[in-house]
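Trainee: below is the structure, and that's it, no one-letter string:
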């Protein structure tokens, strides 16, 4: 009977400490490698998993930035007496 060993999941713990730009740049590199082909199935799966984790990290940064912008707009509206801020 053939072995049914599955490859170990790649260590993605370093991604949690990445800044947005670093995660985005590595994601671009991962996508380029996947699009270029020529990798084994196992390597392609590892790249895909890393890409998914990098994309999720970028999304975390973007969500945080949206929350900060919304909070700043709310503070500005409160300071202006509840009036919406004028756009220039």
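Mentor: Okay, I see it. Model, not experiment: these values are computed from the prediction.
Trainee: wait, what's in contact with the nearest residue to residue 48 once chain neighbours are set aside?
Mentor: Counting by C-beta to C-beta, 6 or more residues apart in numbering, residue 48 lies nearest to residue 34, which is 6.8 Å off, once chain neighbours are set aside. (Glycine included, C-beta is placed from N, CA and C.) Residues in contact with residue 34, defined by C-beta atoms under 8 Å, 6 or more residues apart in numbering, are 44, 47, 48, 51.
Trainee: mind checking the pLDDT average for the longest helix seen in the chain?
Mentor: Longest helix in the chain, counting residues (DSSP state H): helix 41-79. Averaged across helix 41-79, pLDDT comes to 95.
Trainee: list the helices and strands that helix packs on?
Mentor: helix 20-36 (3 or more C-beta pairs under 8 Å, 6 or more residues apart in numbering; DSSP states H and E).
Trainee: flag every buried residue along the helix it packs on.
Mentor: Applying a neighbour-count criterion of 16 or more other C-beta atoms under 10 Å, one finds 23, 24, 26, 27, 30, 33 buried in helix 20-36.
Trainee: what angle separates that helix from helix 41-79?
Mentor: Interaxial angle of helix 20-36 relative to helix 41-79 (axes from the mean of the first three to the mean of the last three C-alpha atoms, to 10 degrees): 150 degrees.
Trainee: coming back round to it: need the buried residues of helix 20-36 in a markdown table with pLDDT, can you?
Mentor: Shown next, in a markdown table, are the buried residues of helix 20-36 (pLDDT from 0 to 100):
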| residue | pLDDT |
| --- | --- |
| 23 | 97 |
| 24 | 98 |
| 26 | 97 |
| 27 | 98 |
| 30 | 97 |
| 33 | 96 |
